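# any chance you could fold what I've pasted below:
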Amino acid sequence: MKRIIRIIAIVILMASFTACEQLTQIVNQAAQVINLKNCEFDVSGINNINMLGVNLSRNMTLGDLNAAQVINVTNSLMNRKLPVTFNVNIDVDNPNSIAASLGKMDYIIALNNKQIISSTFTQGFSIPANSKGKISIPISTDLFQLFSGETKDAVLNLAFKLAGAKSDPVNLGVKVKPYIKVNNQSLAYPDFITINKVLN
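Residues are numbered from 1 along each chain as shown. Next comes the predicted model:
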């Protein structure tokens, strides 16, 4: 009988240790949620712009393309297509004394107030204490389909504007909603964080 009581006591003790570990884990993860709320999000810019297989370097214009590339772009525009890919870079400033982590992040990207994509960034990310981190979101879209009401020249100028060419400013709108895992469940930031940047 005493042996059974001893075994039960050991099981209860082990269960209490497990509960304490889980409680500690939950407290730590809850603290990370609070830390995440204290972080500041900002758009640092766009890079790696690719249009029809051409990497658009900064301040590049149509005149910088060779004859074959110009023909390719012209044919694409005639077919009412202009596919582009680029990265939207988001800076995260963590002013907390401990790291802030996120498990995933919903995002909405818009150009000149037209939504181009709404998706989820599933790669986990951690920003060390008192540090800044960068999240790079890959975007793929068709500018001609997106701005079908614009002229061919306007759509083409927008593609080069993403690379920093001189033209009318472009409004880049970014909304992000970070998530963090707490006790194997994803908790979302209370609302979308809205970030606007004008590409001059």
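# what helix or strand is the residue nearest the centre of the chain located in?
The residue lying closest to the centre of the chain (CA atoms, centre = their mean) is Ile137, at 4.3 Å. Using DSSP states H and E, Ile137 maps to strand 131-142.
# residues in contact with that strand?
For strand 131-142, contacts defined as CB atoms under 8 Å, 6 or more residues apart in numbering pick out 44, 81-94, 105, 107, 109, 116-117, 121, 125-127. Heads up, the C-betas are built off the backbone N, CA and C, glycines and all.
# pull out the buried members of those.
Buried residues within the contacts of strand 131-142, counting neighbours by 16 or more other CB atoms under 10 Å: 82-84, 86-92, 94, 105, 107, 109, 116-117, 121, 125, 127.
# inside strands: which ones of those residues?
Counting by DSSP state E, the buried ones among the contacts of strand 131-142 place 83-84, 86-92, 94, 105, 107, 109, 116-117, 121, 125, 127 in strands.
# what's across from the residue nearest to Phe121 when sequence neighbours are not counted in the sheet?
The shortest distance from Phe121 to any non-neighbouring residue, by CB to CB, 6 or more residues apart in numbering, is to Met105 (4.4 Å). Met105 forms beta bridges with Phe121, Pro178, as assigned by DSSP bridges.
# between the helix or strand containing Thr194 and strand 83-94, how big is the angle?
Following DSSP H and E, one finds Thr194 within strand 193-199. Here strand 193-199 points in a direction 120 degrees away from that of strand 83-94 (axes from the mean of the first three to the mean of the last three CA atoms, to 10 degrees).
# need the contact partners of strand 193-199.
Under CB under 8 Å, 6+ apart, the answer for strand 193-199 is 41-43, 45-46, 90, 161-162, 164, 169-178.
# same check on stretch 90-97?
35, 38-44, 100, 125, 127-137, 174, 176, 195.
# dump it to PDB, keeping only the CA atoms.
Taking only C-alpha atoms (Å, rounded to 0.1, in the frame of the first residue of the first chain), the coordinates of stretch 90-97 have been written out as PDB:
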ATOM      1  CA  ILE A  90       9.700  45.800 -44.000                       C
ATOM      2  CA  ASP A  91      11.900  47.000 -41.100                       C
ATOM      3  CA  VAL A  92      11.000  45.900 -37.600                       C
ATOM      4  CA  ASP A  93      12.400  47.800 -34.600                       C
ATOM      5  CA  ASN A  94      12.300  45.900 -31.300                       C
ATOM      6  CA  PRO A  95      12.900  48.400 -28.400                       C
ATOM      7  CA  ASN A  96      12.300  45.700 -25.800                       C
ATOM      8  CA  SER A  97      15.000  44.200 -23.500                       C
END
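# and Glu150, how many residues sit next to it?
Glu150 is flanked by 15 other residues according to other CB atoms under 10 Å.
# now Asn38. Nearest residue, chain neighbours left out?
Excluding the flanking residues, the one nearest Asn38 by CB to CB, 6+ apart is Asn96, at 5.6 Å.
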